[in-house]
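Undergrad: Using only what follows, build the 3D model:
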Amino acid sequence: MRIFITGGAGFVGSNLAVNLKAKYPNYHIIAFDNLRRRGSELNVKNLRELGIEFVHGDVRNSEDFESLEFDVLIEASAEPSVMAGMNGGRKYLIDTNLNGLVNSLEAALKQRAKVIFLSTSRVYPMEVINSLNYEESQTRYSLHVNNIAGVSERGFSEKLSLDGYRTLYGATKLSSEYIIDEYVHMFGLKAIINRSGVIAGAGQFGKVDQGFLTLWAANYYFNKPLSIFGSGKQVRDILNVNDLFDLIDLQIHAFDKFEKERFNIGGGLDSSVSLLELDTMCKTLLGDKKVAFQELRGLDLKYYVSDNTKINSLGWQPKRNVTNTLKEILFWIEKNEKELEWIFAS
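TA: Numbering: from 1, shown residues only. Next up, the predicted model:
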């Protein structure tokens, strides 16, 4: 089997490539990336050493796909920042997340390949989520009983309303989903859409606006300043990248069972954490550190936890919790301290 991964040198794409090659050494895995994100170039050597083909290309350029052959496309390329477009960079965001998707789909049609698209929980509108009733404890927000479709004590399901504003990033991903729908209907494309929350694990180069679990661990480790925006009681569920691989592996090899569907995928309530709770975990593992508080940012959510009920019914559920994931990240940082210091400590 030939599996083509866009964004293949990024955190998610490279982890999927490495895990696929380890489990299926006879598969031809192609990692495709423009290496724009800082740190992604560090993954290229490892990919090649493992027998994974690396192609330096850009999803925005349709000609970069012309010589490639594959049976499955995992579309993991994106400008992934929720803050993208706020202070410029809107053209790159839209070119990558929309035009890049179209180029990827056209290549998949040409190859008659199946498509697994990594979307985001940010397709759900901020005002819908932030306007719900929450209970407030000393360390976190919790969902209050809300008589609203798609909302339960388990979190948010695929039935949550899509009416409202969601950030430019979320809009590009939701638009991508609609484009995929049209390709499925008009051209017979075979596709699966996964809406993930926060994905984390070893190998992630976290930033303030994307990859906060790694950012927190790294800034504690390298003794860099940290700020909490708002109360720190905001909650996210954490999906370990290896649990994501387990799902993608299942979908590749039982594609028909998942085809033409959308799935919310995440760590779920049992693998959720607030910023205050994460900070306490880091203090326990790495020692005390003073953290500043700043005003809440306009694009922040009070709460997001994935209701995995739909995907659970088809045989997948996450196995790793927040503590497991945080310890994996810290082990990776310690093991690669010299190589990572210029990224995290600069």
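
Undergrad: Packing partners of the top helix by length along the chain?
TA: Scanning the chain for the longest helix, with DSSP state H as the assignment, gives helix 167-187. For helix 167-187, the packing partners by 3 or more CB pairs under 8 Å, 6 or more residues apart in numbering; DSSP states H and E come out as helix 90-94, helix 100-111, strand 114-120, strand 191-196. C-beta here means a position set from N, CA and C on the backbone, and glycine is covered the same way.

Undergrad: How about residues contacting that helix?
TA: Helix 167-187 is contacted by residues 78-86, 90, 93-94, 97-98, 101-102, 105, 109, 115, 117, 119-120, 122-126, 162, 166, 189-191, 193, 260, 262, 299 when judged by CB atoms under 8 Å, 6 or more residues apart in numbering.

Undergrad: How about stretch 275-288?
TA: By CB under 8 Å, 6+ apart, stretch 275-288 touches 139-140, 212-213, 216-217, 220-221, 226, 228, 231-234, 273, 289, 291, 322-323, 326-327, 330.

Undergrad: mind listing which of these are in helices?
TA: 212, 213, 216, 217, 220, 221, 322, 323, 326, 327, 330.

Undergrad: Make a markdown table from the residues you listed and add pLDDT to it.
TA: Below are the ones in helices among the contacts of stretch 275-288 laid out as a markdown table (pLDDT from 0 to 100):
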| residue | pLDDT |
| --- | --- |
| 212 | 92 |
| 213 | 95 |
| 216 | 95 |
| 217 | 96 |
| 220 | 96 |
| 221 | 96 |
| 322 | 98 |
| 323 | 97 |
| 326 | 98 |
| 327 | 97 |
| 330 | 97 |
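
Undergrad: Would you format those as CSV with distance to residue 203 and neighbour count included?
TA: CSV is the format used below for the ones in helices among the contacts of stretch 275-288 (distance: CB to CB, whole Å; neighbours: other CB atoms under 10 Å):
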residue, distance to residue 203, neighbour count
212, 15, 19
213, 12, 24
216, 16, 23
217, 12, 27
220, 18, 23
221, 15, 20
322, 17, 22
323, 18, 13
326, 14, 22
327, 14, 15
330, 13, 19
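
Undergrad: Pick out whichever of the residues you listed sits closest to residue 46.
TA: residue 330 (19.6 Å; CB to CB).

Undergrad: Leaving out chain neighbours, which residue sits closest to the closest one?
TA: residue 217 (5.4 Å; CB to CB, 6 or more residues apart in numbering).

Undergrad: thought that neighbour was touching residue 326?
TA: Yes: contact criterion CB atoms under 8 Å: residue 217 and residue 326 qualify, at 6.0 Å.

Undergrad: Can you tell me the closest non-neighbouring residue to residue 328?
TA: Nearest one to residue 328, counting by CB to CB, 6+ apart, is residue 202 at 4.8 Å.

Undergrad: Point out where the stretch 201-346 of the chain drops to low pLDDT.
TA: Applying pLDDT under 70 to the stretch 201-346 of the chain picks out residues 206-210, 346.

Undergrad: need the helices for it, in chain order.
TA: 212-221, 241-253, 255-258, 275-286, 309-312, 322-335, 337-344 (DSSP state H, counting those that start in this stretch).

Undergrad: Tell me which residue lies nearest the centroid of the chain.
TA: Nearest to the mean C-alpha position of the chain, counting by CA atoms, centre = their mean, stands residue 199 at 4.5 Å.

Undergrad: That one contacts residue 245, doesn't it?
TA: No: Residue 199 is beyond contact range of residue 245, at 10.6 Å (criterion: CB under 8 Å).

Undergrad: Return the distance of the closest residue to residue 165 other than its chain neighbours relative to residue 132.
TA: Using CB to CB, 6+ apart and skipping residues adjacent in sequence, the residue nearest residue 165 is residue 125, 5.8 Å away. When distance is defined by CB to CB, to the nearest Å, residue 125 is 11 Å away from residue 132.

Undergrad: higher neighbour count, the two?
TA: Shown here are residue 125 and residue 132; by other CB atoms under 10 Å, residue 125 has more neighbours (20 against 15).

Undergrad: Residue 29: which of the ones in helices among the contacts of stretch 275-288 is nearest?
TA: For the ones in helices among the contacts of stretch 275-288, the nearest to residue 29 is residue 213 (26.3 Å; CB to CB).

Undergrad: who's the residue nearest to that closest one when sequence neighbours are not counted bridged to?
TA: Spatial nearest neighbour of residue 213, chain neighbours left out: residue 200 (4.2 Å); criterion: CB to CB, 6+ apart. Beta bridges link residue 200 to residue 240, judged by DSSP bridges.
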